[in-house]
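Asks: Sequence plus predicted model, see below.
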Amino acid sequence: MKKRITFNLNGKPVAIDAEGERKLIWVLRVDFGLTGTKYGCGESFCGACTVIVNGYAERSCQLNIQNVQDKDVITIEGLLNGDKLHPLQKAFMDNDALQCGYCTPGMILNAFSFLNKHPDPSIQEIKTGMENNLCRCGAHKRIIEAVQSASKEMKGVH
Amino acid sequence: MEKNKNVTEEIIELKDVNKFTRRSFIKLTGGGILLYLTIGNLPLYSQDERRIQHEMPTDFNAYLKIGTDGRVTCYTGKIEMGQGVITSLAQMLADEIDVALENVDMVMGDTDLCPWDMGTFGSMSTHVFGAELRKAGAKARRTLLEIGAEYLKVPEENLEINNGVIFNSKNKNVKVSYAELAKENKIDRETKSETSIKIPSEFNTINRNFKRRDAFEKVTGKAKYSADIQLPDMLYAKILRPPAHNVKLLEVDTSEAQNVDGVQIIKESDIIAVLHKYPDVAESALSKIKTKYDNPEIKLDDKNIFEHLLNVAPEGKVVANDGDIKTGEQNSKFIFDETYYNDYVAHSPMEPHTAVASVENDKVTVWASTQTPFRAKDEVANALDFKPENVRIITPFVGGGFGGKSRNLQVVEAARLSKICGKPVQVAWTRKEEFFYDSFRPAAIVKIRSGISDAGKINLWDYNVYYAGERGSKQFYNIPNHQTVVYSSNLTGVAGTHPFATGPWRAPGANTNTFARESQIDNMAAKAGIDPLEFRLQNLSDNKMIRVLNTAADAFGWKTHNTGSGKGYGLSCAIEVGTYVASMAEVDVDKLTGKVKVNRIVCVQDMGLVINPEGATMQIEGGITMGLGYALSEGLHFKGEEVLDLNYDTYNIPRFSWLPEIKTIILDNKDSEPLGGGEPAIVNIGALIANAIYNAMGIRMFILPMTPERIKEAAKKE
Ligand code: FES
Ligand code: FES
């Protein structure tokens, strides 16, 4: 049964009529055309589909659209503020923390959520916090460096 | 030439004839100067006999355009899949043609716009294509200089070029920019003069660090991969898959799936697909199809596979030999007879195979995640019975390939379905399909019989490799009596060999061969009671190898350590696509659980001229990190022709917690040509970790991956 679901998407209120069990990833990618959210495994194992829901990382391949009713959803497209990069995006660029880039949106958003909880993380904490996001190209070393340098930058900002 | 052999393994028979003419390119571009460049002696093009049917343009094979805005566009069939050629190729061209890097655009992997290219694999982009591109750039620069001389009416020898501006060195006000020349000219021409590429002291952009040029798009989600192509009226197709390879579909009932609102079902003899405007709806409709398959007897599994492979092994081919094996045996005090194994390994790029095809009348355009767009073009033309010139493949960003995106099954699927339903169709494999249809790195076996003298001199080396292929098989130690025999150099294997598709995997063959060779060397060193570094140095006369080993030893702080402390130190070295690489590692092994923790790795490479040192470092780090997977956890489980690992819950790839401290050193060797960069570092990882485990436990591992279970088992036997 279709129902009307309303939520905030990248800061703007949106509404969609959809079966409540449809997964958020497909609604974002197909209905809203926000293709920065990637499919990697479809079963919660890789984190490529990570988005931010009310401040924290969720795997959009597992999330029913009805469960974001009234919530704030941020995708990688929403991290850009006008043409200003989020410190994490900038840090990923400055540290060359990507190769094929397919895992990158999920990595950045997972790091975003992680830094919400751990504003001043150690390397070990970053590794633990990022553990369940997979990268096949082996950009891990630079991703850790990027997250760490973004954390410093963000502390300076707040 | 060895490097050419490596790439021809990738070729399939191609039936169609494609014609590329100057006119077909002129048609596609507006104003500006077109430079058709014959980059002669391009081994990929000229030496492959199987390509003969595929008619090449006789007078050019590279293609540059100087736009009226002065920007230089390079059209190349190479593709960007993370390895960074979108940056490094542009750097080479910018330097030779003398413009700033930001003024170079790369158009990659579009079969309508780019001259034919075999594909992107095997560390060949920089090494072979890049070298030729530099020559092309130098020719282009000279051509522009000639046009500029005519325009300014100043003899060429009085002209200089700086950043796209040609000026009279005696009077700098007499000048003309490439952009201005492009406005004046609509010509295609090529200099007749001899040209030469820059020497290191003349470099502006080569051998300098530049950030990835695709980074902004990739961190903002703007970068388009094939699945991100959304066309009006496009349908998402989900295809019915069998539970195992080579089973027969006996019964199929699509009635329930048919009832799903908006669904279209396509049923052909060899393809049944559900199409819908939403991929998730197509997927759930697909799950409503009821099927019955036959149940063939299961013969092979991941345990008995090696026995089977040895049974069906073809004749061996000697690829290297010297001296006499008998003499080698007589001169050896200790003889070592060992066999090494590795399991099937998945490519598992984070982006599964995807294609979007749009058939209109007798033409088709396909956006595809592929390492071989031109091969995809031929395959689509064959499958649809279209003229090749009516097939266009466009390659958006590719989310990792590692050799696995050289086959284009999904491309043909999307094209066929689009032709049938008359609408654009996207086929994006699920992770499950990605595992099922992967062309795995083949399971392989290496048998070595080697011998040393009392003093630890290697006198005998009888090396036999099955299924991994020739690459990396030739030993480089100073051994008077040796032979290397390759059984099946064909990575795909003949029918009846492997239970599913196999093929090249990042540094094809070399991972297996390096694991076997360097483990055996270590094994002999241990028996001789000589430090493994010392043992290698004693048996080497190749100065380049000695240099990378010594540099690694210094950076690592290599010392002799007794075996069995639980902490272990290991090393491995290799020559890969001309690059010399030495690696050292420290590991902790938990004797009770068999778990290995890699603490740190030092990797030293002599890779000739480095175009972008930071980019090369990234590739080394990536290779090391990825390599930990095939060393420690990645081995495919299967039962008969059923693949049991279908997602990352059972197939473990490296994660953040695995990451050792990585230190990379690239030796300065600017005067040499650029050599392979994307692959050398990964080939050492198997032996590197195996040798460190030996040092930690006194236990030698003969099979990859070295899972905790296998380590515990080996410890028990000891
Ligand atoms: S696609 Fe959602 S976790 Fe992998
Ligand atoms: S950069 Fe390719 S998967 Fe992470």
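Replies: Good, I have the coordinates. Ligands and ions are numbered 1, 2, ... in the order given.

Asks: Quick one: mean pLDDT for stretch B:352-363?
Replies: Mean pLDDT, computed over stretch B:352-363, is 97.

Asks: Check whichever residue of the stretch 101-250 of chain B sits closest to chain A and give its pLDDT.
Replies: Distance from chain A to each residue of the stretch 101-250 of chain B (CB to the nearest CB) is smallest for B:Gly221, at 2.1 Å. Where C-beta positions appear, they are placed from N, C-alpha and C, glycine not excepted. pLDDT, B:Gly221: 97.

Asks: Surely it and A:Arg29 touch.
Replies: No: with contact defined as CB atoms under 8 Å, B:Gly221 does not reach A:Arg29; the gap is 10.8 Å.

Asks: shared neighbours of the two, anything?
Replies: Listed contacts common to B:Gly221 and A:Arg29 are A:35, A:37; contacts here mean CB atoms under 8 Å, 6 or more residues apart in numbering or on different chains.

Asks: which stretches of chain A form helices?
Replies: Using DSSP state H, the helices of chain A run over A:24-26, A:76-79, A:87-94, A:104-117, A:123-130, A:140-157.

Asks: do the same with the stretch 301-450 of chain B
Replies: Listed in chain order, the helices of the stretch 301-450 of chain B (DSSP state H, counting those that start in this stretch) span B:305-311, B:325-330, B:373-384, B:409-421, B:431-436.

Asks: Among the ones you listed, which comes closest to A:Gly40?
Replies: helix B:431-436 (6.9 Å; CB to CB).

Asks: averaged over its residues, what pLDDT does the closest one have?
Replies: In the prediction, helix B:431-436 has an average pLDDT of 98.

Asks: ok, back up a step: Throw the helices of chain A into TSV and include mean neighbour count, thanks.
Replies: Putting the helices of chain A into TSV (neighbours: other CB atoms under 10 Å in any protein chain shown) gives the following:
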stretch	mean neighbour count
helix A:24-26	24
helix A:76-79	23
helix A:87-94	23
helix A:104-117	24
helix A:123-130	18
helix A:140-157	20
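
Asks: B:Tyr178 is nearest to which of these?
Replies: Closest to B:Tyr178 of the helices of chain A, according to CB to CB: helix A:87-94, at 29.0 Å.

Asks: Now stretch B:531-540: buried residues?
Replies: Buried positions in stretch B:531-540, judged by neighbour count with 16 or more other CB atoms under 10 Å in any protein chain shown: B:531-533, B:535-540.

Asks: So what touches it?
Replies: Under the criterion CB under 8 Å, 6+ apart, residues B:456-458, B:476-479, B:521-522, B:524-526, B:528, B:530, B:546, B:549-550, B:553, B:558, B:560, B:570-571, B:573, B:691 lie in contact with stretch B:531-540.

Asks: Let me see the contact set for the residue nearest the centre of chain A.
Replies: In chain A, the centroid-proximal residue (CA atoms, centre = their mean) is A:Leu109; its distance is 2.8 Å. Contacts here follow CB under 8 Å, 6+ apart; on that basis A:Leu109 touches A:50-52, A:57, A:74-76, A:79.
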